[in-house]
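A.B. asks: predicted model, plus sequence, below.
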2 protein chains.
Amino acid sequence: MRSDERRELILQAATDVFGKSGYVGTTTADVAKAAGVSQPYVVRLFGTKEQLFLDVINRALALLLAGFRSALDDTDSDVPLERRMGLAYVNQLNQHGLLLSLMHAFVLGREPVIGAAARHGFMAVYRFLRDEAGFDADQVQQFLAFGMLINTMIGLDMADEFEGDPDVREMMQCVFPEKLDMVRKLSAEQSA
Amino acid sequence: MRSDERRELILQAATDVFGKSGYVGTTTADVAKAAGVSQPYVVRLFGTKEQLFLDVINRALALLLAGFRSALDDTDSDVPLERRMGLAYVNQLNQHGLLLSLMHAFVLGREPVIGAAARHGFMAVYRFLRDEAGFDADQVQQFLAFGMLINTMIGLDMADEFEGDPDVREMMQCVFPEKLDMVRKLSAEQSA
DNA sequence: AGTCTAAGTAATCGTTCGATAACAACCGCC
DNA sequence: GGCGGTTGTTATCGAACGATTACTTAGACT
């Protein structure tokens, strides 16, 4: 296999594993096993584990912004822009661990290299909302806040607790008044 | 010193360190150094690093709910309840790493023990908002979403990037339209 | 056929970390 | 004024991890 194809496969596997266990909690052997290659090969392709994680979150941000731009360009829809953007965000749950890897990066601001990359990525999203989506300040705040809440619910793995606990069910309905079916479906796919 | 006093000192130190580096990224030696004791003593007082982290987040949740209850009982104020609750949340930034340790737990839902504790803690907050604060579904969603956004901004360490980058300044003003001064002040204390 | 290069692995090394064991100092108490 | 329990330390062990080295295999080109 060509090395650039192998890189992409490893990046996909690493996105899932980093999303589940975080940056420090993920070993290069975990990534290698998920990608079906040997551990030293992962290290040789990316140099260091830190560089691998940086590549993972930069790829995740590129995919996220690409999804946003698709939603933005879908002008013949009668769905309002804010809702199209929200759906584009939730659709990223198709890629297991993509939003979660970003979230892990977002709470590591004190890590010198990763923190800087995380801040830069977050600001890229902000600039997109402001400049390309044309959101005003309140729209930006609502969008970012709800996005972080989604990330937290995914990180908590709350959907798997959905069945059985009526309080959890009620909380999820309260937090996702309409997107719940989609979130549940995507979460089920994620577990499979 | 009595061991229960020492335990509290270690819990405070551990809250800061776990908040900065996360659960896996923090070593028991880091906690011991921050608390001014030896590393084996930390392990002996708490059994395992996992149990120490569980104690940290349970203490953080107890303090958080206690702050909420104080805001709830402050009925002679003319400040509306939602705002009092928001201020109570932001006031938790006085304890370095308290909200951040919780956030680290919230993204580890797949960890069997920590994930279960994190979900339980999050649900305790939800039940408080619903039963004690009397929030309706929309108020709960807004409160939780904004809280997670605050946590993310703290995790990103975005306030330290405040000076210098006009986009960061603008984003922070957009996200914290009125609480910005408080957040900045508390963040400065945190760095000191 | 023979050689060069890219793709990939097995073996292993040095470090770090959580935990354990053994030991030391203080303090109340009879 | 020894004695037991509590508080705390130093030394160290075994496992895990990231990284390095050396080796192997498979095409591509002449």
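C.D. replies: Now that the structure is in, tell me what you want to look at.
A.B. asks: quick one: name the residues of chain A near DNA strand C.
C.D. replies: A:1-4, A:6, A:36-41, A:44 (CB under 7 Å from any atom of the strand). Glycine gets a C-beta too; all of them are placed from N, C-alpha and C.
A.B. asks: closest one of those residues to A:P166?
C.D. replies: A:P166 has its nearest neighbour among those in A:G36, at 41.5 Å by CB to CB.
A.B. asks: where do the helices sit along chain A?
C.D. replies: Under the criterion DSSP state H, chain A contains helices at A:3-25, A:28-35, A:39-46, A:49-73, A:81-91, A:98-106, A:112-127, A:137-155, A:166-175, A:180-191.
A.B. asks: worst average pLDDT in the ones you listed?
C.D. replies: With a mean of 65, helix A:180-191 has the lowest mean pLDDT of the helices of chain A.
A.B. asks: filter the residues of chain A next to DNA strand C down to the buried ones and express that as a ChimeraX selection.
C.D. replies: A single ChimeraX command selects the buried members of the residues of chain A next to DNA strand C (16 or more other CB atoms under 10 Å in any protein chain shown):
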select /A:6,37
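A.B. asks: ok, so of the residues of chain A next to DNA strand C, who is nearest A:V79?
C.D. replies: Comparing every one of the residues of chain A next to DNA strand C with A:V79 (CB to CB), the shortest separation belongs to A:D4, at 36.3 Å.
A.B. asks: tell me how far A:L61 lies from A:D73.
C.D. replies: The gap separating A:L61 from A:D73 is 19 Å, by CB to CB, to the nearest Å.
A.B. asks: the two: which has the busier surroundings?
C.D. replies: A:L61 (22 against 9; other CB atoms under 10 Å in any protein chain shown).
A.B. asks: check contacts around the more buried one.
C.D. replies: A:L61 is in contact with A:102, A:121, A:124-125, counting by CB atoms under 8 Å, 6 or more residues apart in numbering or on different chains.
A.B. asks: sorry, back to before: now render the helices of chain A as TSV, adding distance to B:P112.
C.D. replies: Shown next, in TSV, are the helices of chain A (distance: least, CB to CB, whole Å):
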stretch	distance to B:P112
helix A:3-25	12
helix A:28-35	16
helix A:39-46	24
helix A:49-73	24
helix A:81-91	27
helix A:98-106	17
helix A:112-127	26
helix A:137-155	15
helix A:166-175	17
helix A:180-191	15
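A.B. asks: pull up the gap between the residue positioned nearest the centre of chain A and DNA strand C, please.
C.D. replies: Centroid check for chain A by CA atoms, centre = their mean gives A:L99 as the closest residue, at 1.2 Å. As for A:L99, its distance to DNA strand C is 27 Å (criterion: CB to the nearest atom of the strand, to the nearest Å).
A.B. asks: these two touch, right, that residue and A:N151?
C.D. replies: Yes: contact status for A:L99 versus A:N151: in contact at 5.4 Å, counting by CB atoms under 8 Å.
A.B. asks: surely A:Y23 and A:F53 touch.
C.D. replies: Yes: using CB under 8 Å as the test, A:Y23 is close enough to A:F53 to be in contact (5.2 Å).
A.B. asks: please identify the deepest-packed of the helices of chain A.
C.D. replies: Most buried of the helices of chain A, by mean neighbour count (mean count of other CB atoms under 10 Å in any protein chain shown): helix A:98-106, with a mean of 27.
A.B. asks: can it be found next to DNA strand D?
C.D. replies: No: applying CB under 7 Å from any atom of the strand, one finds helix A:98-106 out of contact with DNA strand D, separated by at least 13.8 Å.
A.B. asks: what separation is there between A:D74 and chain B?
C.D. replies: The spacing between A:D74 and chain B, counted by CB to the nearest CB, to the nearest Å, is 25 Å.
A.B. asks: quick one: contacts for the residue nearest to that residue when sequence neighbours are not counted?
C.D. replies: Of all residues not flanking A:D74 in the chain, A:R84 sits nearest, at 6.2 Å (CB to CB, 6 or more residues apart in numbering or on different chains). If you count contacts by CB under 8 Å, 6+ apart, A:R84 has them with A:71-72, A:74, A:77.
A.B. asks: closest to DNA strand D among these?
C.D. replies: Nearest to DNA strand D, judged by CB to the nearest atom of the strand, of these is A:A71 at 35.6 Å.
A.B. asks: many thanks, I have nothing further to ask.
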